[in-house]
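> below are the sequence and a predicted model for it; my questions follow.
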Amino acid sequence: MIDPQLYSVDTQAPSADRHFRSREFRRLIAFVRPFRGMLAGGLLLTILFAGLHTVSVAGAFPVFQILLEEEGIGGWIDRTVAGRRLGVTLVGGGALDTTSVRSVAAHRRADSPLLAGDILEGAEGDGAQAVLRALARAPQGESVSAIVIRDGQRRPVTLTPDAPDGQAAWLLRAASWVPADANTARGKLRSLAYILVGMVSVVVAANFFRYLGEVLISKAVLLSMMDLRARLYERVLLLPMSFFASGSTADLVTRFVQDIQEIQRGLTTFFGKFLREPLRAVLILGWALALDWRITLTMLVLGPLTVVLFWAIGRSVKNANRRLLQHYGQMIAALTASLQNLRVVKAYTAEAHERRRLSAVDQRMFHQQLTLAKLQAFVTPAIETLAVVAGSVVTVWLAGRVLDQELSMSKFVTIGVTLSVLFDPLRKLSDVYVRVQRSTAGAERIFQVIDQPTELSTTDSRVPLAPLRQGIEFVDVSFSYPGAATPALRNVSLAIHQGETLAIVGPNGSGKTTLVSMLPRFFDPDHGVIRYDGIDLRQAELVSLRRQFGLVSQDPVVFEGTPLENIAYGVAAAERDKVEAAARRAFADEFIRQIPGGYETTVGERGNTLSGGQRQRIAIARAVYRDAPILIFDEATSQIDSESEQKIQAAVREFARARTTVIIAHRLSTIQFADRIVVMDAGRIVDSGCHKELFDRCLLYRTLCETQFVTEASAPS
């Protein structure tokens, strides 16, 4: 049973589950899966961007080393490699302070092992940089003589460095690119130029990969949204008419436009940033850890607070966005009603009333939009505040190490830059979570429609129907519209014989249109059964059933397009001669040929370039073109002038010959040629018979003749 409140934007309640809707998100991902090759390419390029971006961040260190340290980049490489080969941490200066010995046991074989606080000098009066260069570049197993200053005493030592490890070997290869005069002012400037050229090249390549990656990801998401829209449209076209009976189409239009746009933004943000930003954070964090492992203290402080912040704000964003999407539906409904009925609005000088009505809807939208704006505006400042607090604590701590000469100035500045860059992906991740939460709110509404049972799912079997041979029978049929207080049909039993022309009359709201709507199964009975040549309509193949009917409704439907396309509606390759023949039988050919462009001209949205009578005649021509064995005319001549009506009546009588025809009309001339007339009131059949019989014995029919049928008959003919 379809929930009628699903379709009402006013009464739809938010889901009780306010957490992240992983099921809806997984279903969205399934729509992207067919484009996984394109998406994988985009993600791979995103990974390359993240890696190159980290390289560009790491490039700041040699720049600061050149600008801030006396030893320059070449000296830093020698000191770092020598320290790794000796198993100690060496600090730059006029001499080298072994402030940390990582592997003292490796030097027990030497005359004097290195201890924390030792200062190294060259054995022959050379500076510290010379002995470090020798230690860094000594072949494996070769010893280097040096002087150790410990407690003010100078002691000669022989140091045998270990084989270069991976990092030391990489640094030695990098040293081959360092100019020989790297420690001079000119050499430092040339080294700086080389490094900056390299960094610019890396940044250009990284952003090129980012551009290509975002294009591929956007293309994959846009194609998947086309599939989602197609799936939604396909499902909407297959939904029973009862789905649309209790609500406006505006909310459904909002799902097609606004909801899918939210999903598109969410998925684009997810695939574009969800991998890129965490990967950037991890790689930059790895670089920070290589600089100083204590940087993890920042993450320990900031991480849990960020997670809690994301969770709380994301939940509120999803709920606010769901309500905003509902208000979008109300806005579309109000605009559509005003614009489609603009003639009435102007005639009743109700412009101010419509402005107030639209303003009230706009106010509700404003409050939801403001709520979303406040939530989204809060996330970034909150994350940045946490980052500044944590960064300030770490900065004070690192500055203390610099003042105690435990950390070089270049390393201090590099860590500060790395920290600031590290918080950027964390800040952007907040936008990812908010966007994804907004997209799941839209997905929830989309899948509510997609998950509705279709007309085909309510069919018990697939019995194909042939043209009617015997007749159609209503047996004790009752029906109520969703949410209606009273039934539209009450225990209706009626037989329609093959080849019979049946007219149905009654006051407004008596159930006439509902009754004929049951024939092509626009609605199914709540109780009772309808049989087509003895076959329950619910067991019939739906397509073959509806092919038996030609329909002309009370409201003439003309689609945007040409008269040719409208008359041959639903037929891929229209037969021009057959279209013109149908138009002539409906007396539409005469005005179509007078239109500039004739059958090939565009008649505008809803046929707004045509009069009501012209639209009705095109609708009748459409039914004639279909040439179905059963015809349904629901007030089909209600907007036809008297002269055209006489011609159309003749055409209808001829066309109805040897066909089963059901007519709903308020004009006596429309129903007098019927074989039988059925009178309805309050959802029941109160009488049936020919015109004369009913006029004599049925008070309601006589009243209809004297009032609704105007002056065409005040006595039986």
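Alright, I've got the coordinates. Numbering: from 1, shown residues only.

> would you put the C-alpha positions of stretch 33-44 in PDB?
The C-alpha trace of stretch 33-44 is given here as PDB (Å, rounded to 0.1, in the frame of the first residue of the first chain):
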ATOM      1  CA  ARG A  33      30.100   1.500 -10.400                       C
ATOM      2  CA  PRO A  34      29.500   1.200 -14.200                       C
ATOM      3  CA  PHE A  35      32.000   4.100 -14.600                       C
ATOM      4  CA  ARG A  36      34.600   2.600 -12.200                       C
ATOM      5  CA  GLY A  37      37.300   2.700 -14.900                       C
ATOM      6  CA  MET A  38      36.900   6.500 -15.400                       C
ATOM      7  CA  LEU A  39      36.600   6.900 -11.600                       C
ATOM      8  CA  ALA A  40      39.700   4.800 -11.000                       C
ATOM      9  CA  GLY A  41      41.700   6.900 -13.400                       C
ATOM     10  CA  GLY A  42      40.600  10.000 -11.600                       C
ATOM     11  CA  LEU A  43      41.500   8.600  -8.200                       C
ATOM     12  CA  LEU A  44      44.900   7.500  -9.400                       C
END
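
> contacting residues around that stretch?
Residues from elsewhere that reach stretch 33-44 (C-beta atoms under 8 Å, 6 or more residues apart in numbering): 32, 212-217, 219-220, 223-224, 227, 271-272, 275. The way it works is simple: take the backbone N, C-alpha and C, and place the C-beta from them, glycine included.

> number of residues surrounding residue 252?
21 (other C-beta atoms under 10 Å).

> what's the closest non-adjacent residue to it?
Closest residue to residue 252 apart from its sequence neighbours, by C-beta to C-beta, 6 or more residues apart in numbering: residue 236 at 6.7 Å.

> ok so residue 633 is a strand residue?
Yes - according to DSSP: H, G, I helix; E, B strand; the rest coil, residue 633 belongs to a strand.

> hmm, back to that, quick check: next helix or strand after the helix or strand where the residue nearest to residue 252 lies?
For residue 236, the host element (DSSP states H and E) is helix 185-238. For helix 185-238, the following helix or strand on the C-terminal side (DSSP H and E) is helix 250-254.

> for that next one, buried residues please.
250, 251, 252, 254 (16 or more other C-beta atoms under 10 Å).

> between the residues you listed, which is nearest residue 600?
Among those, residue 252 lies closest to residue 600 (C-beta to C-beta), at 32.2 Å.

> I figured that closest one was touching residue 449, is that so?
Yes - assessed by C-beta atoms under 8 Å, residue 252 is found in contact with residue 449 at 7.2 Å.

> find the residues that touch each one of the two.
residue 236.

> before we move on, what SS does the residue nearest to residue 238 when sequence neighbours are not counted have?
In space, and not counting its chain neighbours, residue 238 is closest to residue 454: 3.9 Å by C-beta to C-beta, 6+ apart. Secondary structure state of residue 454, per three-state DSSP, is coil.

> tell me who's in contact with residue 122.
Applying C-beta under 8 Å, 6+ apart, the residues near residue 122 are 128, 130, 131, 146, 147.

> neighbours of the second one, how many?
Which is residue 130. Other residues close to residue 130 by other C-beta under 10 Å number 16.

> cool, the last one as well?
Counted by other C-beta under 10 Å, the residues lying close to residue 147 total 19.

> in what helix or strand does it lie?
Going by DSSP H and E, residue 147 is part of strand 144-150.

> so residue 574 makes contact with residue 565?
Yes - Residue 574 is in contact with residue 565 according to C-beta under 8 Å; the separation is 7.3 Å.

> any idea of the pLDDT on residue 568?
Note for residue 568: predicted pLDDT of 84.

> show me which residues of the helix or strand hosting residue 705 are buried.
Assigning secondary structure by DSSP H and E places residue 705 in helix 699-706. For helix 699-706, a neighbour-count test (16+ other C-beta under 10 Å) marks 700, 701, 702, 704, 705 as buried.

> next: stretch 158-167.
159, 160, 161, 164.

> what residues are up against the last one?
Under the criterion of C-beta under 8 Å, 6+ apart, the contact partners of residue 164 comprise 81, 84, 85, 172.

> specify the beta-bridge partners of the residue of the chain most remote from its centre.
Relative to the C-alpha centroid of the chain, counting by C-alpha atoms, centre = their mean, residue 153 is the outermost residue, at 74.7 Å. Note on residue 153: beta-bridge partners by DSSP bridges are residue 150.

> got a pLDDT number for it?
For residue 153, the pLDDT comes out at 82.

> could we number from 17 for the rest of this?
Done: numbering now begins at 17, and the last item shifts to residue 169.

> ok, now how distant is it from residue 557?
105 Å (C-beta to C-beta, to the nearest Å).

> so what's residue 512 up against?
Residue 512 touches 487, 488, 489, 518, 676, 678, counting by C-beta under 8 Å, 6+ apart.

> spatially, which two of these are the most separated?
489 and 678 (13.6 Å).

> which one's more surrounded, those two?
residue 678 (25 against 17).

> pull the CA atoms of the helix or strand containing residue 531 into PDB?
Per DSSP H and E: residue 531 is located in helix 528-533. Output of helix 528-533 as PDB, limited to C-alpha atoms (Å, rounded to 0.1, in the frame of the first residue of the first chain):
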ATOM      1  CA  LYS A 528     -18.000   8.900 -13.200                       C
ATOM      2  CA  THR A 529     -14.300   9.600 -14.000                       C
ATOM      3  CA  THR A 530     -13.200   7.200 -11.300                       C
ATOM      4  CA  LEU A 531     -15.300   4.400 -12.800                       C
ATOM      5  CA  VAL A 532     -13.900   4.800 -16.300                       C
ATOM      6  CA  SER A 533     -10.300   5.200 -14.800                       C
END
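
> ok, the helix or strand following it: who's next to it in the sheet?
Where DSSP H and E defines the elements, the next helix or strand beyond helix 528-533 is strand 543-548. Sheet partners assigned to strand 543-548 using DSSP bridges are listed as strand 487-495 (antiparallel), strand 551-552 (antiparallel).

> quick one: mean pLDDT for the following helix or strand past the first one?
It stands for strand 487-495. Later in the chain than strand 487-495, the nearest helix or strand by DSSP H and E is strand 505-513. Strand 505-513 shows a mean pLDDT of 92 in the predicted model.

> whichever helix or strand comes after strand 505-513: how far from the chain's middle?
Later in the chain than strand 505-513, the nearest helix or strand by DSSP H and E is strand 517-521. In this view, strand 517-521 has its centroid 49 Å away from the chain centroid, taken as C-alpha atoms, centre = their mean, to the nearest Å.

> adjacent strands (with direction) for strand 517-521?
strand 676-680 (parallel), strand 692-697 (parallel).

> which of the ones you listed sits closest to residue 706?
Per C-beta to C-beta, nearest to residue 706 of those: strand 692-697, 6.6 Å.

> touching that closest one from outside, list them.
By C-beta under 8 Å, 6+ apart, strand 692-697 touches 510, 516-523, 526-528, 531, 687, 701-707, 710, 714, 716-717, 720.

> the very next helix or strand once past that strand pairs with which strands?
On the C-terminal side of strand 692-697, the closest following helix or strand by DSSP H and E is strand 700-705. If you go by DSSP bridges, strand 700-705 pairs up with strand 692-697 (antiparallel).

> only C-alpha atoms, please: export the strand it pairs with in CSV.
C-alpha atoms of strand 692-697 as CSV (Å, rounded to 0.1, in the frame of the first residue of the first chain):
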residue,chain,number,x,y,z
ARG,A,692,-27.5,2.8,-22.8
ILE,A,693,-27.2,5.5,-20.2
VAL,A,694,-25.9,4.9,-16.6
VAL,A,695,-26.8,7.4,-13.9
MET,A,696,-24.4,7.7,-11.0
ASP,A,697,-24.7,9.6,-7.7
